[in-house]
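Undergrad: structural data only, the sequence is not supplied:
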């Protein structure tokens, strides 16, 4: 079970600050969606609205065909896992995991215990006795084992060390195979997680900058390297998002697709055409000012 | 989670806290009885003020503690509100019963052990009716204080501290009227000023309490039904 999401003209203002401005997009069900953006871009605001933490005043959100606000079915099927969530403090881990069965109908306690063991979470301690990394691991354990049709991870990995994060990513992929659901990931660790994303939504200054499948997005980014003059003339009509020069050699990053003719021209000029990582695209598409 | 399950779960959680509170109350009352016997204290006014404060605090925690917790586990605000109301009524009555029982037991056991009860207005002197009336009075008072705590907590949770302070101010009239209604002599005197009807004099305070409780329930519901949940 996985929820599709449709957001239309969502606008959120905090006094004079525009957190989200006329945001519209559709997220297909059963996919892992990367929600990317700079600090303050509006990612967490967007996710809290999707999780019904706030009532939408301007625009609409439809999840699995219904308005999610105060919707028992949608709320029960939505997990929002985020940094600084102290929901699970005070109780012993074993009790917390057992208690989840009452709230999340698809919660798999055995899987949760298995994950807790893999993350080295001590079952006999209370949640407030855990280290920052262990607490994050507990949260992602609950998020994964809840198997809610919509699972949102907002920087949920903070504090987890590299091996724990690696384990988390592996489990995401395994779980998506076993029990596909709609997973939203908000993260700054783009380079580390980009292989997880089926689709990517980039938010910039409260607006949707782009939404593509990962494959489409990677096909839209190129690096072109060669003699400075040739690179300049070749990229004159292209959208250059970053450039750097060393001696007489110039390397630029281009956003857009290259036609077959353009590819032939590049080869004739002896230019080297490479692909860009999602991380590079993200950095340079959302950078501020005209810095190159 | 079903509505009834949630209500009971909330009630059981609060009952655990109430058990701690009540244990401390018993120890304190034993201490006060001994102190009075040895001449440190005299003529205490036994009342439910302490349990009222306890329920006020429970009410304050409803939004920051319980609403926040249960919503993040997928419970809607409306469902939470209904469950909380159920748990609040139950807790108010159970604590009232426990308080009255404790007072009754003290008034029976303390003299039997050769000590003097450290308060003069004995609950047991009025018989079973007085005991039942005390449970009813304490229940209403507990529920009322819990609702005020809930109201103030919602003010802070929804609107942060500046407007939250305004909710404390808004609570003052409720506290004032409640204090007036709980002072039997004062209220009889005041009502006598308007009427000499004995039914109005005896039932008037309950009616006023009922109206204030309804107002608080409506306010709390309206503040809860679309409350933004804090991260």
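TA: Yep, it's here. Just so it is clear, the structure is predicted and the values come from calculations on it, not from any experiment. Numbers count the residues shown, from 1 in each chain, chains lettered A, B, ... in the order given.
Undergrad: next, count neighbours for residue A:107.
TA: Applying other Cβ atoms under 10 Å in any protein chain shown, we find 20 other residues in the vicinity of residue A:107. Quick note: C-beta positions are derived from backbone N, CA and C, even for glycine.
Undergrad: now for it: which residues touch it?
TA: Contacts of residue A:107 were listed using Cβ atoms under 8 Å, 6 or more residues apart in numbering or on different chains, and they are A:100, A:101, A:145, A:146, A:147.
Undergrad: switch to 6 Å and redo it
TA: The neighbourhood of residue A:107, defined by Cβ atoms under 6 Å, 6 or more residues apart in numbering or on different chains, consists of A:100, A:101, A:145, A:146.
Undergrad: residue ranges of the helices in the chain, please?
TA: You didn't say which chain, so I picked chain A. Ranges of helices in chain A, per DSSP state H, are A:43-50, A:72-76, A:93-103, A:109-118, A:132-146, A:162-178, A:190-193, A:214-219, A:228-234, A:260-268, A:278-285.
Undergrad: not quite, go with chain B.
TA: If DSSP H is used as the criterion, the helices of chain B fall at B:3-37, B:49-61, B:68-72, B:77-112, B:127-182, B:184-194, B:198-224.
Undergrad: now do the residue in chain B sticking out farthest from the centre against residue B:37, distance only.
TA: With Cα atoms, centre = their mean as the measure, chain B has its most outlying C-alpha, relative to the mean C-alpha position, at residue B:114: 32.6 Å. Taking Cβ to Cβ, to the nearest Å as the measure, residue B:114 and residue B:37 are separated by 9 Å.
Undergrad: same question, residue A:18
TA: 70 Å.
Undergrad: ditto for residue A:212
TA: Using Cβ to Cβ, one gets 82 Å for the distance from residue A:212 to residue B:37.
Undergrad: now the helices of chain A as CSV including distance to residue A:6?
TA: Putting the helices of chain A into CSV (distance: least, Cβ to Cβ, whole Å) gives the following:
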stretch, distance to residue A:6
helix A:43-50, 11
helix A:72-76, 13
helix A:93-103, 26
helix A:109-118, 30
helix A:132-146, 23
helix A:162-178, 21
helix A:190-193, 25
helix A:214-219, 20
helix A:228-234, 40
helix A:260-268, 36
helix A:278-285, 24
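Undergrad: okay if I get those as a markdown table plus mean pLDDT?
TA: Putting the helices of chain A into a markdown table (pLDDT from 0 to 100) gives the following:
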| stretch | mean pLDDT |
| --- | --- |
| helix A:43-50 | 96 |
| helix A:72-76 | 96 |
| helix A:93-103 | 92 |
| helix A:109-118 | 96 |
| helix A:132-146 | 95 |
| helix A:162-178 | 95 |
| helix A:190-193 | 90 |
| helix A:214-219 | 89 |
| helix A:228-234 | 93 |
| helix A:260-268 | 91 |
| helix A:278-285 | 90 |
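Undergrad: tally of neighbours for residue A:256?
TA: Under the criterion other Cβ under 10 Å, the count of neighbours that residue A:256 has is 15.
Undergrad: okay, now residue B:71: neighbour count?
TA: Counted by other Cβ under 10 Å, the residues lying close to residue B:71 total 22.
Undergrad: spatially, what comes nearest to it if we skip its sequence neighbours?
TA: In space, not counting the residues next to it along the chain, residue B:71 is nearest to residue B:229; the distance is 5.1 Å by Cβ to Cβ, 6 or more residues apart in numbering or on different chains.
Undergrad: my read: the one you found touches residue A:52, true?
TA: No - taking Cβ atoms under 6 Å as the definition, residue B:229 is not a contact partner of residue A:52, at 8.1 Å.
Undergrad: and the two? Which one has more around it.
TA: residue A:52 (24 against 17).
Undergrad: residues contacting that one?
TA: Counting by Cβ under 6 Å, 6+ apart, the residues that residue A:52 touches are A:68, A:69.
Undergrad: at 7 Å instead, please
TA: Listed by Cβ atoms under 7 Å, 6 or more residues apart in numbering or on different chains, the contact set of residue A:52 reads A:68, A:69, A:75.
Undergrad: closest to residue A:182 out of these?
TA: Proximity to residue A:182 was ranked across those by Cβ to Cβ; first place goes to residue A:68, at 12.4 Å.
Undergrad: chain B versus the closest one, what's the distance?
TA: Using Cβ to the nearest Cβ, to the nearest Å, we find residue A:68 at a distance of 10 Å from chain B.
Undergrad: pretty sure that residue contacts residue A:61?
TA: Yes - the pair formed by residue A:68 and residue A:61 meets the contact definition of Cβ atoms under 7 Å, at 6.1 Å.
Undergrad: measure the residue nearest in space to the middle of chain B to chain A for me?
TA: Most central residue of chain B, judged by C-alpha distance to the mean C-alpha position with Cα atoms, centre = their mean, is residue B:142 at 1.5 Å. Separation of residue B:142 from chain A (Cβ to the nearest Cβ) stands at 25 Å.
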